[in-house]
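Peer 1: any chance you can model this:
(chains A and B)
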Amino acid sequence: MTLYHFLGLGLLLFAIGAAGFVIRNNAVVLLLCIEIMLNAVNLILASFARYLYGAEGQIFIFIIMTVAAAEAAVGLGIVIALHRGHGTLAMNRIKDLKG
Amino acid sequence: MNPDCLWLLLAPPALGFLVNGLMGRRLPASITAAVALAAVGLPLAVALGFLLEMTAAPPEARVVATSLYTWLSDGDFQVRVGLLLDPLAMVMSLVVLGIGFLIHIYSVGYMEGDVGYRRFFAYMNLFVFFMLLLVLADNLVLTFCGWEGVGLCSYLLIGFWHERKSACDAGRKAFIVNRVGDFGFILGILLTITAFQTVDYGELAEIAATAPGDASPIIALMVLLIFMGAMGKSAQFPLHVWLPDAMEGPTPVSALIHGATMVNAGVYLMCRLSPLLNRCPEVLLVIAVLGLVTALYAALAALGQRDLKRILAYSTISQIGFMFVAVGSGMYALGIFHLVTHGIFKGLLFLAAGAVIHTLGGEQDLGRMGGLFREIPAVAVAFLAGLLALAGVFPLAGFFSKDAILWGGFQRFGASFWIVSLSGALLTALYCGKLFGVFFGPRRDEGPPHRPGALLIWPPAVLALGALIAGVLGLPMFAQDTLLSRFLGFASPAVASGQGHELEVIMTVFQGMVIPAFLAASAYLFVRRRRRMEELERAFPRAAAFLADGFGLDKLNALLLATPLRGAARFSARIIDNRIIDGAVNGVGWAAMRAGRLLALLQTGELRHYALSILAGAVALLGAALYAAGIF
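Peer 2: Below is the predicted model of the structure:
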């Protein structure tokens, strides 16, 4: 088990999250994908922290987890609002961002 | 002679203009007229006082000069507002004030009941002020101020009846054509300033006397440019086209501005610059030839006119041409002599013509005038006296001045010059004869005549008296020094006088007989054989129209100048302004809008497109960072 195994897993997780965000259509799944990407980053930070015997990486992880929790709360709120407004969570039907 | 009194000549007309111009509406018409008359009468009295003192003084002490204040100053170069009353300015002022005063009196009657009565007198007083400024100025720049001022008044008064479009057009034409001449005048003044650092007439005369020989070309160019201004103002060919149209103005205006005073300003200016002119014989030749061409051309054109006032206008152009012939012959006093006599009899002719037009209720067409002698004998006698003087019949004023001009031209430029100028004089007699038809023969107007009042009869009668006796100024005949030339005291370029007195006497007698003969023949044709003459005119309609249009010069101007200018203006408006300048401005907006529309295509509203582009951007940035770090 070297650093590279951890980094490879982190990259794989991030790629899965990013690809899922682009490919999937459901707003709730998109939130899940975001969580996956954030956790991929956390994993990489933790690996480096362990590798370098430093504390900074671990501190970053806590900050990111806090932000992720807040984001999830806000994100779920938005998802509920979207569902109320549009009656659907299929992102290809919701085009409110078009200027 | 007290120089401190000189401003008394200028102030009254300016005050008259202010009073009538600013408060005219609150004053009754009689007070307006009284103010206007006083504004010209007072300076006339002052000028006569100066004249008495001046004739009593010895010739070298006949100059009154004063400097009111310095207007511009730049190092050594100064422009002062200075007045100069020398014999030349004296004569000119008397012409302006004397004839002007009579014309003001006449106007009181002529303009009666006109809506613009007060405006008219305000403009007339303003004109007299500017004319006196032009005459009394002691330097070129101040003269130019007066010059432009009279141009302005001329414009205002030609277009006086501004509800008539033809009057407005005529005013504009006069203004624009004069701009062409004044362009040369300004260049001449600028050249004078750069070359000699002075515009003062006295200093210029000194420079003319002392400057080295290689300065002559500059002086010649200077005078030639200033002469261009004189051509415009004095309506010399080819800048004369505005004067016939200027007859749209009220008749007293035609008499004062376009007959007796303003149009002579060019001759006056050339005489002012005579010390400079004496140095450049080539310029004198140019002036003489141009004057001769104008005299002949305008006399021919006058013959073809059908409008009473337009004949007089062309006749004015022609007579000023004769004045320039005299100036070009180096006989400045003679030019001024003709200016004075012409001012008198042309003022008279215009005033009497105004009375005729008034009698016929505004009719100006010659074809409808005839046999008016019995209706208005006083006006007719005055008019006929003016015609005889204009034609140059002994012993009226025109005889002396024209005879001397013909002789002067002969002496200086030879026999062929004399023949051409004599034909000009004979043509003058011909068109004068044509006007006899107005008073003799059968009546041609319908309806009862409006007999003119005393105010329309007395001023021309006084001028007729002047036309009878003004020839005295040219006495004694056949002498170098006449009454007027001794008073004026010009230095003339030396003339090689090879011909003797006998020839001059013979020529005078010859002219004195042949001119009246032509006049009589023409009067016979146009009174007794009038129908035949009119049939003749109808038989050659194109030739008649050609003469009436002044050789089609207006059309030529339209073709050569107006059409290309209009084309250029249209090109600049439609292509340069609309396409290029507006195109650049609108193009910038158009390009921004199109670019915005193109970029807006990126904003699809599809979340995954945004996500993908963020991802791609992140990958690209990462790649770039790695590349920069040298990892790839």
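
Peer 1: so B:Cys362 belongs to a helix, correct?
Peer 2: Quick fix: residue B:362 is Gly, not Cys. No: counting by DSSP: H, G, I helix; E, B strand; the rest coil, B:Gly362 is not found in a helix; it is coil.

Peer 1: where do the helices sit along chain A?
Peer 2: Counting by DSSP state H, one finds helices in chain A at the ranges A:3-23, A:27-52, A:56-86.

Peer 1: of the ones you listed, which stretch is the most buried?
Peer 2: Ranked by average neighbour count under the criterion mean count of other C-beta atoms under 10 Å in any protein chain shown, the helices of chain A are headed by helix A:27-52 at a mean of 17. For the C-beta atoms, the positions are set from N, CA and C on the backbone; glycine is no exception.

Peer 1: what packs against it?
Peer 2: Helix A:27-52 is packed against helix A:3-23, helix A:56-86, with contacts defined by 3 or more C-beta pairs under 8 Å, 6 or more residues apart in numbering or on different chains; DSSP states H and E.

Peer 1: go ahead and confirm B:Gly100 touches B:Phe129.
Peer 2: No: counting by C-beta atoms under 8 Å, B:Gly100 does not reach B:Phe129; the two are 10.8 Å apart.

Peer 1: between those two, who's got more neighbours?
Peer 2: The neighbour comparison of B:Gly100 against B:Phe129 (other C-beta atoms under 10 Å in any protein chain shown) goes to B:Gly100, with 31 against 27.

Peer 1: give the contact list for the more buried one.
Peer 2: Residues counted as contacts of B:Gly100 (C-beta atoms under 8 Å, 6 or more residues apart in numbering or on different chains) are B:40, B:44, B:128, B:131, B:256, B:260-261.

Peer 1: B:Thr604: what secondary structure?
Peer 2: coil.

Peer 1: that one and chain A, how far apart?
Peer 2: Plainly put, B:Thr604 is 6 Å away from chain A if you go by C-beta to the nearest C-beta, to the nearest Å.

Peer 1: so what pLDDT did that residue get?
Peer 2: Note on B:Thr604: pLDDT of 81.

Peer 1: before we move on, what about B:Ala491?
Peer 2: Reported pLDDT for B:Ala491: 66.

Peer 1: what helices and strands are in contact with the helix or strand containing B:Leu134?
Peer 2: Assigned by DSSP states H and E, B:Leu134 belongs to helix B:117-136. Applying 3+ C-beta pairs under 8 Å, 6+ apart, one finds that helix B:117-136 makes contact with helix B:7-23, helix B:29-56, strand B:77-85, helix B:87-110, helix B:140-158, helix B:265-272.

Peer 1: now render those as JSON lines, adding distance to A:Ala40 and mean pLDDT.
Peer 2: Formatted as JSON lines, the helices and strands packed on helix B:117-136 follow (distance: least, C-beta to C-beta, whole Å; pLDDT from 0 to 100):
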{"stretch": "helix B:7-23", "distance to A:Ala40": "93", "mean pLDDT": "88"}
{"stretch": "helix B:29-56", "distance to A:Ala40": "103", "mean pLDDT": "88"}
{"stretch": "strand B:77-85", "distance to A:Ala40": "89", "mean pLDDT": "86"}
{"stretch": "helix B:87-110", "distance to A:Ala40": "106", "mean pLDDT": "90"}
{"stretch": "helix B:140-158", "distance to A:Ala40": "89", "mean pLDDT": "91"}
{"stretch": "helix B:265-272", "distance to A:Ala40": "100", "mean pLDDT": "91"}
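
Peer 1: which non-adjacent residue is nearest B:Ala333?
Peer 2: In space, and not counting its chain neighbours, B:Ala333 is closest to B:Ser485: 3.4 Å by C-beta to C-beta, 6 or more residues apart in numbering or on different chains.

Peer 1: what's the following helix or strand after the strand or helix carrying the one you found?
Peer 2: B:Ser485 belongs to helix B:483-488 when assigned by DSSP H and E. Going down the chain from helix B:483-488, the next helix or strand is helix B:501-527, by DSSP H and E.

Peer 1: after that next one, which helix or strand is next?
Peer 2: Using DSSP H and E, the helix or strand that follows helix B:501-527 towards the C-terminus is helix B:530-539.

Peer 1: picking up where we left off before, now the helix holding B:Leu134 against helix B:87-110, angle please.
Peer 2: Interaxial angle, helix B:117-136 versus helix B:87-110 (axes from the mean of the first three to the mean of the last three C-alpha atoms, to 10 degrees): 170 degrees.

Peer 1: between helix B:117-136 and helix B:140-158, how many degrees?
Peer 2: For helix B:117-136 against helix B:140-158, the angle by the same axes, to 10 degrees is 160 degrees.

Peer 1: to B:Trp458, which of the helices of chain A lies closest?
Peer 2: Closest to B:Trp458 of the helices of chain A, according to C-beta to C-beta: helix A:56-86, at 102.0 Å.

Peer 1: what about the closest one, distance to the chain center?
Peer 2: Relative to its chain's centre, helix A:56-86 lies at 9 Å (C-alpha atoms, centre = their mean, to the nearest Å).

Peer 1: elements contacting that helix?
Peer 2: Checking 3+ C-beta pairs under 8 Å, 6+ apart, helix A:56-86 ends up next to helix A:27-52.

Peer 1: and the helix it packs on, how far out from the chain's middle?
Peer 2: So, by C-alpha atoms, centre = their mean, the centroid of helix A:27-52 is 6 Å from its chain's centroid.

Peer 1: could you tell me the angle between it and helix A:3-23?
Peer 2: 160 degrees.

Peer 1: separation between the residue nearest to B:Ala333 and chain A?
Peer 2: 93 Å.

Peer 1: per-residue pLDDT of that residue, please?
Peer 2: Per the predicted model, pLDDT is 77 at B:Ser485.

Peer 1: what does B:Trp242 give?
Peer 2: So B:Trp242 comes in at 88 (pLDDT).

Peer 1: could you do A:Ser47 as well?
Peer 2: pLDDT, A:Ser47: 92.

Peer 1: ditto for B:Ala479
Peer 2: At B:Ala479, the model reports a pLDDT of 66.

Peer 1: now do the contacts for residue 43.
Peer 2: Just so you know, I chose chain A. Applying C-beta under 8 Å, 6+ apart to A:Leu43 gives the contacts A:6, A:9-10, A:13.

Peer 1: right idea, wrong chain: chain B
Peer 2: Applying C-beta under 8 Å, 6+ apart, one finds that B:Pro43 lies in contact with B:8-10, B:12-13, B:93, B:97, B:128, B:132.
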